[in-house]
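Engineer: My questions are about this predicted structure, shown below with the sequence.
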Amino acid sequence: METRHHTGKWKKICVPYILVLLTVLRQCDATEEQNNFNNSVSCLENEYSHNGFCCDKCPPGFKLIETCPGQGLRSDCRKCSTGTYQDNMNHYRNCFSCRKPCDSDYNEIEIKPCTNKQDRICGCKKGYYKNVVDEITMSCLACRKCGDGEREISPCNGQTNTVCDCKYNHYRVARGICAQCKNCSSNCIDLCSPHVKTTMDPNSHTPGSHFQTTFILVGLCLCAVFGLLCIISFYNGFNHWKKRKQTLYSESPVSCDPEKQVEKRETHTCLQSKEDESSLLAVQTDSVLPDCVPREVKTHEFIYFVLDIVPVSRFKELVRRLNVSEQDIDRAERDNRAFADAQYQMLMIWVESGTGGGKSVLPRPLLQECVDRLKDMNLNSCAESIEDKYA
């Protein structure tokens, strides 16, 4: 019973404290949530977040007096007083103080005055340059003058000091002093070589250097022209050799590829055959005329004669006009590796499909059909050669 009494007593004491602690923790969570909400507000560049909404910033030259009371309402801004400035949009309560006036006793001059929008900017008098100590401190120092044996590389411009260097054929002995080289040393290497180097002072120009430069340029131009002429001559010679080779190939009686013989050979072959037959007929006219019965035409002789006079490039067209089927043409090409043998087989198929005569003797109607087809193909000279030979 005593134990139960102590337990109830502790409950009465602890429960009120626990309830108070929970209330405090809840209030802290609510405050943190409110702060997170305020921080999560996204404002424009010319605005800032305040109590969960966006207020407009003060323009340059003004400071913030009162924040805006609500969304869409303007903040209360006031112009910076004399001697102070604000150079950016802001929501500060105070303006920055301008730097002290430029001190003429220290060779300073005012470049830009102090206004409510900008700080005072000081520069240096002519003959002095600005030596920046830190962001707000500067001093004006006298510009340096080049000493004995020195030459000016860049002048003093108010921001940087004069830059000097030793003259040609001089070496530095102290700050602001350069001495002329007289003996061979590590500082005067030009005097150490057996022959004095031709390197001249960059500030001095002699007629010899101009002449040497001109001579080099003229030599380069001549070399370029000569090279161009060589390239043109080689190109023309190559084209001449190529044309000569093509001419010799076209005039050659034997071709490695019968399918690629040139079209010009058509007329030459037919005319040559015609001339041979004409000379043969001229001899025959002096002899005794044959009887009126036409002689037999040997099939193999006729086929070989046709193969000689008909251009290879037109041969397939001829056999197609002679009603040889594409299937027979393909079979003849497959059966024979040499194209001339395939041509012979195509004409034999045409002969065997005709009537009259036999395999060894060519019927006259077939001969006339071949002549007619050649004329249809505008190969009149070839057709006349067949007529003259087998008339």
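Structural biologist: Cool, got the structure. Residues are numbered from 1 along each chain as shown.
Engineer: could you list every residue that touches the closest residue to L374 other than its chain neighbours?
Structural biologist: In this structure, L374 finds its nearest non-sequential neighbour in A383, 3.9 Å apart by C-beta to C-beta, 6 or more residues apart in numbering. Using the backbone N, CA and C atoms, a C-beta is placed for each residue, glycine as well. Residues in contact with A383, defined by C-beta atoms under 8 Å, 6 or more residues apart in numbering, are V371, D372, L374, K375.
Engineer: switch to 10 Å and redo it
Structural biologist: Counting by C-beta atoms under 10 Å, 6 or more residues apart in numbering, A383 makes contact with C270, I309, C370, V371, D372, R373, L374, K375, D376, M377.
Engineer: So what's the residue count around N157?
Structural biologist: 11 (other C-beta atoms under 10 Å).
Engineer: And it, its phi and psi?
Structural biologist: phi -120, psi 20 (degrees, to the nearest 10).
Engineer: what pLDDT does the residue nearest to L374 get?
Structural biologist: At A383, the model reports a pLDDT of 91.
Engineer: what about it, distance to D376?
Structural biologist: Using C-beta to C-beta, to the nearest Å, A383 is found at 9 Å from D376.
Engineer: Now, the contacts of A383 that are in helices?
Structural biologist: If you go by DSSP state H, those have C270, I309, C370, V371, D372, R373, L374, K375, D376 in helices.
Engineer: so where do the strands sit in the protein?
Structural biologist: Here the chain has its strands, by DSSP state E, at 47-50, 53-56, 62-66, 76-79, 84-85, 96-97, 108-112, 121-124, 128-132, 138-142, 150-154, 163-166, 170-174, 177-180.
Engineer: Burial check on N183, number of neighbours?
Structural biologist: Neighbours of N183 using other C-beta under 10 Å come to 7.
Engineer: can you give me the end-to-end distance of stretch 180-190?
Structural biologist: When the termini of stretch 180-190 are compared using C-alpha to C-alpha, to the nearest Å, they are 12 Å apart.
Engineer: ranges for the helices of the stretch 101-250 of the chain?
Structural biologist: Listed in chain order, the helices of the stretch 101-250 of the chain (DSSP state H, counting those that start in this stretch) span 207-251.
Engineer: related to what we said a few turns ago, now flag whichever of the contacts of A383 is closest to I109.
Structural biologist: M377 (104.4 Å; C-beta to C-beta).
Engineer: burial count for that closest one?
Structural biologist: Residues lying near M377 (other C-beta under 10 Å) number 17.
Engineer: Could you check how far it is from E110?
Structural biologist: 105 Å.
Engineer: How about R99, nearest residue that isn't a chain neighbour?
Structural biologist: R120 is the one closest to R99 (C-beta to C-beta, 6+ apart), at 5.2 Å.
Engineer: One more: F305?
Structural biologist: K389 is the one closest to F305 (C-beta to C-beta, 6+ apart), at 6.7 Å.
Engineer: any idea how far stretch 100-117 is from the chain center?
Structural biologist: 55 Å (C-alpha atoms, centre = their mean, to the nearest Å).
Engineer: can you tell me the average pLDDT over it?
Structural biologist: For stretch 100-117, the mean confidence score works out to 92.
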